[in-house]
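Asker: Turn this into a structure:
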Amino acid sequence: MNLPRTSLLLALLAALSPAARAADAAPQTTDLAPVQVKAKVHDDHHGTAIDAYGNASLRDTPASVTVVARRQLDDRQIRTLSELAREDASLGDNYAPVGYYQDIAIRGYPLDLATGFRTNNLTITGEQEVALEDKQRVEVLKGLAGLQAGVMEPGGVVNYVSKRPADVHTVTLGTDSHGSRYGALDVGGWLTPDFGLRANLAWEDTHSYVRHADGRRNFYAIAADWRITPKATLELDSDYQASAQRSVSGYQLLGGDLIPRHASTTRMLGYEPWQQPVSVHASNTSARLNYAFDDAWRLRLAAGHSRSVIDDNVAFAYGCFYSPDCASGATPGNFFAPDGDYDVYDYRSPDDTRVGDEARATLEGHLETGAIGQDLTFGAQAFRRTIDRRVEVYDYVGTANIADIDPPYFAPSPNQPGPSARRLTSWQRSAFALDRLHLGDAWQLVLGDRLVRLHERAYDDARAPERDTRMSKALPQAAVLWQPSAPLTVYASYSEGLSLGLEAPYWTSNDGDMLGPRLSRQLETGVKFAASAALDLTAALYRIRQPYQFAQPDASAAGFTFVQRGEEVHTGLELAAHGRVTDHLRIDASASLIRARAQHTGTPAYDGHQAANVPRLRSAVYLDYTLPFLPKLGLLGGWRYASPNVATPDGRVRVPAYHVFDAGLRYATQWNGHALTWRLSVDNLFDRFYWRDTGSSDGDSYLFPGAPRLARLSLTVGL
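Answerer: Residues are numbered from 1 along each chain as shown. Modelled structure (predicted):
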């Protein structure tokens with residue numbers, strides 16, 4: 001535990017506690033003039049901090065954006081990125097093991113951990129488990145946003161928005177059906193009329209549903225708002241989290257083409273008693289200064305620092321190179337053996353350090369030129385990412401079988417990790433401009449461009465330059481919006497984006513080669529309709545094209561060469577409804593239909609079928625019903641569906657479709673003047689087995705089963 005940080009937060013809590021404020025106020029007798037306070041109800045679904053389109057409202061944003069509000073995070077007791085991905089049908093897991101930092105896919109494209117995740121619109125390292133206790137909402141911008149993020153994968157970006165200072169004092173205690181323990185404190189207030197603080201603390205002792213995978217974490221966050229002058233405001237945020245949990249290896253196809261039967265959700269593949277937890281120490285700090293020159297022009301300055309240090313320790317279940325069924329070469333060694341054998345590796349990579357620093361300046365203004373109004377945005381941005389890593393231990397120690405409750409004992413490798421060295425230095429420098437033209441009351445035209453200069457240098461174990469990438473690229477975007485009435489917006493947009501090339505897996509003939517960057521293009525059209533003041537309906541139709549990089553079968557000694565050939569095209573339809581249907585019923589529902597295919601790859605077996613880990617159809621429905629005769633009690637229910645999911649590049653193997661049902665209760669009452677809210681949530685109510693993820697990591701494919709039934713109970717008390 002960081003003692004200086006903890007002491008500071010404890011002092012802050014004491015200063016903001018009701019008792020301390022009462023004690024401080026006791027000796028003061030000055031009578032102040034009455035202050036009139038007007039409360040404003042804020043719905044998180046009607047605003048966004050993502051400024052890809054000039055910091056516009058959701059109504060004026062020509063893109064599909066999902067906002068997961070604080071209400072949803074609390075009622076569904078969401079703690080991880082994988083659980084967050086259930087909230088929208090366009091999202092899905094992509095290599096999201098229990099006990100490890102997780103990734104998701106949006107519109108079928110996995111996010112880049114380097115640039116796909118943001119806090120308060122500043123990039124953070126994706127190699128961390130982002131805590132949600134201090135977040136007011138989570139925004140998911142779906143699809144290409146080259147103007148917003150520069151170099152990124154075409155699926156989109158996830159933006160976490162922090163809570164701001166407010167007069168709040170709550171404590172939450174929780175447990176679950178496995179005996180986990182959870183506690184969180186949210187306390188804040190305005191120390192002066194112009195300076196406010198808010199602190200969030202959390203502690204969790206997790207009893208995992210997977211044997212040997214219990215974990216723990218501590219989280220501390222502080223936010224400050226300072227109204228320096230009537231024209232200038234400063235927002236500061238800092239958080240720190242330490243977590244430790246054994247990582248759970250995923251399954252692989254047996255022999256490369258058979259789904260494991262009787263797979264277990266509770267068994268840790270490859271478990272060895274000497275396996276240490278994966279520990280992650282992550283911190284994120286940002287500052288944002290907003291200055292209004294006048295009613296028309298505003299300057300925004302922002303800077304952020306994100307750091308994640310991973311001590312990676314795992315008895316890793318992978319492949320079958322040393323199994324008798326695979327040693328001959330007749331069965332691919334990068335899958336489990338046909339009889340269920342798999343190799344166990346002692347993998348240790350301590351002090352794996354990822355750092356991201358970003359600075360951005362944006363000037364926003366409005367001009368009236370005759371009948372045309374213009375909202376202008378000009379900006380510059382610099383982003384630096386570094387990776388420092390030691391030479392890891394990755395040694396074979398034995399072969400086990402998926403039928404083992406616990407694998408046999410294998411002695412760990414006697415080797416030790418080598419010294420730390422710089423492995424990557426990446427610079428992105430860019431300038432961008434956006435012009436939103438208001439053509440009368442019903443039409444808007446949005447034109448923008450970002451010029452990106454990328455310089456990325458990678459090093460091998462001997463600190464010798466292994467790759468030096470330099471390039472410049474303009475990333476335009478354009479959109480037109482038609483708003484014939486206040487509730488209705490129809491839009492069409494075109495965007496371009498740039499993503500880095502992928503690295504060839506070690507089992508290909510060009511092991512370690514990094515292919516060139518990929519230019520993606522997207523067309524999207526959509527409709528947004530406010531059916532009422534409390535209910536929003538949206539629909540979007542899109543087509544994304546990206547060059548296809550893959551391991552192509554050939555006559556080389558390895559049998560595969562990693563190449564870029566053809567393209568991967570995702571065409572999809574998204575439907576969503578968010579808000580209050582009646583005074584008693586609220587709905588959050590979405591459906592996603594995707595046709596994701598590779599084409600012109602030169603390998604006929606890879607063309608013309610659904611891509612791996614992209615179910616053709618997903619849906620997610622969550623209902624919140626307050627009983628008319630007992631308004632303090634809310635009934636919560638959910639349903640998730642995914643169609644059969646492809647697990648191989650040639651489309652021959654698919655995991656079955658699944659339906660998963662969730663349920664819950666919320667009871668809000670008062671006790672001795674304190675607000676009490678009880679929440680009970682049950683995920684996977686009928687304890688159904690399903691494969692939630694057929695994604696890949698570093699070129700290898702894995703299968704992860706969904707979590708079994710889990711009940712969580714929490715109590716939130718207003719202090």
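
Asker: Mean pLDDT per helix and strand in the chain: which one sits at the bottom?
Answerer: helix 18-25 (a mean of 43; mean pLDDT, DSSP states H and E).

Asker: heading toward the C-terminus, what's the first helix or strand past that helix?
Answerer: For helix 18-25, the following helix or strand on the C-terminal side (DSSP states H and E) is strand 64-69.

Asker: Now do that next one: which elements does it pack against?
Answerer: strand 135-142, strand 535-553, strand 560-580 (3 or more Cβ pairs under 8 Å, 6 or more residues apart in numbering; DSSP states H and E). From N, CA and C alone the C-beta is placed, and that goes for glycine too.

Asker: okay, those in CSV with mean pLDDT next?
Answerer: What follows is the helices and strands packed on strand 64-69, written out as CSV (pLDDT from 0 to 100):
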stretch, mean pLDDT
strand 135-142, 95
strand 535-553, 95
strand 560-580, 96
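
Asker: what's the most buried one of these?
Answerer: For the helices and strands packed on strand 64-69, the largest average neighbour count (mean count of other Cβ atoms under 10 Å) is found in strand 135-142, namely a mean of 22.

Asker: the inter-axis angle of that strand versus strand 64-69?
Answerer: 160 degrees (axes from the mean of the first three to the mean of the last three Cα atoms, to 10 degrees).

Asker: Neighbouring strands - and their directions - for strand 135-142?
Answerer: strand 64-69 (antiparallel), strand 156-162 (antiparallel) (DSSP bridges).

Asker: Reformat these as JSON lines; add distance to residue 334, mean pLDDT and mean neighbour count.
Answerer: JSON lines is the format used below for the strands paired with strand 135-142 (distance: least, Cβ to Cβ, whole Å; pLDDT from 0 to 100; neighbours: other Cβ atoms under 10 Å):
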{"stretch": "strand 64-69", "distance to residue 334": "35", "mean pLDDT": "94", "mean neighbour count": "24"}
{"stretch": "strand 156-162", "distance to residue 334": "30", "mean pLDDT": "95", "mean neighbour count": "25"}
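
Asker: and the ones you listed as TSV, adding distance to residue 278?
Answerer: Formatted as TSV, these follow (distance: least, Cβ to Cβ, whole Å):
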stretch	distance to residue 278
strand 64-69	26
strand 156-162	22
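
Asker: Which among those strands is found nearest to residue 583?
Answerer: strand 64-69 (18.5 Å; Cβ to Cβ).

Asker: and the angle from the closest one to strand 535-553?
Answerer: Going by the same axes, to 10 degrees, strand 64-69 makes 110 degrees with strand 535-553.

Asker: In PDB, list the C-alpha atoms belonging to the helix or strand that strand 64-69 is followed by.
Answerer: Using DSSP H and E, the helix or strand that follows strand 64-69 towards the C-terminus is helix 70-75. What follows is helix 70-75 as a C-alpha-only set of coordinates in PDB (Å, rounded to 0.1, in the frame of the first residue of the first chain):
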ATOM      1  CA  ARG A  70     -23.900   5.000 -13.200                       C
ATOM      2  CA  ARG A  71     -27.400   3.500 -12.500                       C
ATOM      3  CA  GLN A  72     -26.600   0.500 -14.700                       C
ATOM      4  CA  LEU A  73     -23.100   0.000 -13.200                       C
ATOM      5  CA  ASP A  74     -24.600   0.000  -9.700                       C
ATOM      6  CA  ASP A  75     -27.800  -2.100 -10.300                       C
END
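
Asker: and the strand ranked longest in the chain, how far out from the chain's middle?
Answerer: Ranked by residue count under DSSP state E, the longest strand found in the chain is strand 341-369. Strand 341-369 sits 12 Å away from the centroid of its parent chain (Cα atoms, centre = their mean, to the nearest Å).

Asker: same thing with stretch 240-259?
Answerer: 18 Å.

Asker: Same check on stretch 652-667?
Answerer: Here stretch 652-667 shows a centroid-to-chain-centroid distance of 20 Å under the convention Cα atoms, centre = their mean.

Asker: Any chance you could give me it in CSV, C-alpha atoms only?
Answerer: Output in CSV follows, covering the C-alpha atoms of stretch 652-667 (Å, rounded to 0.1, in the frame of the first residue of the first chain):
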residue,chain,number,x,y,z
ARG,A,652,-15.4,-25.1,-40.2
VAL,A,653,-15.7,-25.0,-36.4
ARG,A,654,-18.3,-23.0,-34.4
VAL,A,655,-19.2,-23.0,-30.8
PRO,A,656,-23.0,-23.2,-30.1
ALA,A,657,-25.4,-20.3,-29.7
TYR,A,658,-26.4,-19.4,-26.2
HIS,A,659,-29.2,-17.7,-24.2
VAL,A,660,-28.3,-16.4,-20.7
PHE,A,661,-30.8,-14.9,-18.3
ASP,A,662,-30.1,-12.6,-15.4
ALA,A,663,-32.3,-11.3,-12.5
GLY,A,664,-32.1,-8.9,-9.6
LEU,A,665,-33.8,-6.8,-7.0
ARG,A,666,-33.3,-3.3,-5.8
TYR,A,667,-34.8,-2.0,-2.5
